[in-house]
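> how would this look folded up:
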Amino acid sequence: VPGSLDNPGLRDREEIAHIVGLDLLVNVLVNLDGEVVELAAGETVATHRHLVNRYRDHYQVEVPAKADVVVTTLDRFQGYPQSSWYATVDNCLPAVELVAEPGATVIAVGSCPQGVGGGAREYMRTVYTLEDLAHLLPQCGVFGSSALMFATHFAFQRDRYHITAVVDGISQAACADIGIGWAGSVQDSLDEALSRHGDDAGVAVIAGLGNILLPVTPG
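Here you go, the predicted structure:
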């Protein structure tokens, strides 16, 4: 989950940095215009964690309650669209759990000029079960394993949420192939979501969910 320091992937990277002797990290925090607003340098782990906390200060948004429907854009910054859907899988969908319970609807709005994304589309197809993906993983090279990891992550999220794309660059056929909904407009997708959750459903509209903004709910 973006913004989280409690995850095995981060612990692995910190351990690797220690083993190879990476003593110095120079990193920056940028604003919504892509401008540097803070620079930090120092011991690797401490510097990274300092900037993660500053990131939270800068980009956390309060949401009054968990939502039934989450509408989000895929842009990291104004004018910087996500290039492909697999980046959405990596950044946006993991952050949904911060603001919605399983069973919620996620409406992703934006542009993915590269579509679903290279080899990742093959492994994101609904013909693959999680067991299939787990069996294939040890047989892949470096690039194949990356695509499979994205696909496995996506399969988990697809099972947890109703996902609909209103995205330039991804066709209705491609959406059907990877097992998500497609809509020609945000209003159509919202109407469909409300027919599922009811007219009194809670709707959260959060630009750049996970790609830049981190929602928090009471408690």
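> show me what the lengthiest helix in the chain is packed up against.
Of all the elements of type helix in the chain, the one with the most residues (DSSP state H) is helix 142-160. Under the contact criterion of 3 or more Cβ pairs under 8 Å, 6 or more residues apart in numbering; DSSP states H and E, helix 142-160 touches helix 85-95, helix 120-124, helix 130-136. For every residue, glycine as well, the C-beta is placed using N, CA and C.
> roughly how far out does the shortest one sit from the chain middle?
This means helix 120-124. Centre-to-centre, helix 120-124 and its host chain are 16 Å apart (Cα atoms, centre = their mean, to the nearest Å).
> before we move on, what about the last one?
Per Cα atoms, centre = their mean, the displacement of helix 130-136 from the mean C-alpha position of its chain is 22 Å.
> average pLDDT for it?
In this model, helix 130-136 has an average pLDDT of 89.
> elements contacting it?
helix 142-160.
> ok, the first one next?
Under the contact definition 3+ Cβ pairs under 8 Å, 6+ apart, helix 85-95 sits against strand 100-111, helix 120-124, helix 142-160, strand 162-168.
> in the first one, which residues are buried?
Neighbour-count burial for strand 100-111, counted by 16 or more other Cβ atoms under 10 Å, picks out Ala100, Ala104, Thr105, Val106, Ile107, Ala108, Val109, Gly110.
> ok, the second one to Gly198 distance?
Look at Ala104 and Gly198: by Cβ to Cβ, to the nearest Å, they are 13 Å apart.
> what do the two both touch?
Taking Cβ atoms under 8 Å, 6 or more residues apart in numbering as the contact rule, Ala104 and Gly198 both touch Asp68.
> helix or strand for the closest residue to Ile206 other than its chain neighbours, which one?
Closest residue to Ile206 apart from its sequence neighbours, by Cβ to Cβ, 6 or more residues apart in numbering: Thr72 at 5.2 Å. Counting by DSSP states H and E, the element that carries Thr72 is strand 67-73.
> ok, and what's touching that strand?
Residues contacting strand 67-73 (Cβ under 8 Å, 6+ apart): 92, 96, 99-100, 104-110, 186, 190, 193-194, 197-198, 201-210.
> Ile180 - how many residues pack around it?
24 (other Cβ atoms under 10 Å).
> no no, Val186
14.
> give the contact list for it.
Val71, Ile107, Val109, Val166.
> can you classify Val26 by secondary structure?
strand (DSSP: H, G, I helix; E, B strand; the rest coil).
> which element is the residue lying closest to it once chain neighbours are set aside on?
Of all residues not flanking Val26 in the chain, Ala41 sits nearest, at 4.5 Å (Cβ to Cβ, 6+ apart). Assigned by DSSP H and E, Ala41 falls within strand 36-42.
> low pLDDT regions in the protein?
76-82, 118, 143 (pLDDT under 70).
> now do stretch 99-115: distance to the chain's middle.
On the basis of Cα atoms, centre = their mean, stretch 99-115 sits 9 Å off its chain's mean C-alpha point.
> equivalent analysis for stretch 7-15, please.
Distance, centroid of stretch 7-15 to centroid of chain: 19 Å (Cα atoms, centre = their mean).
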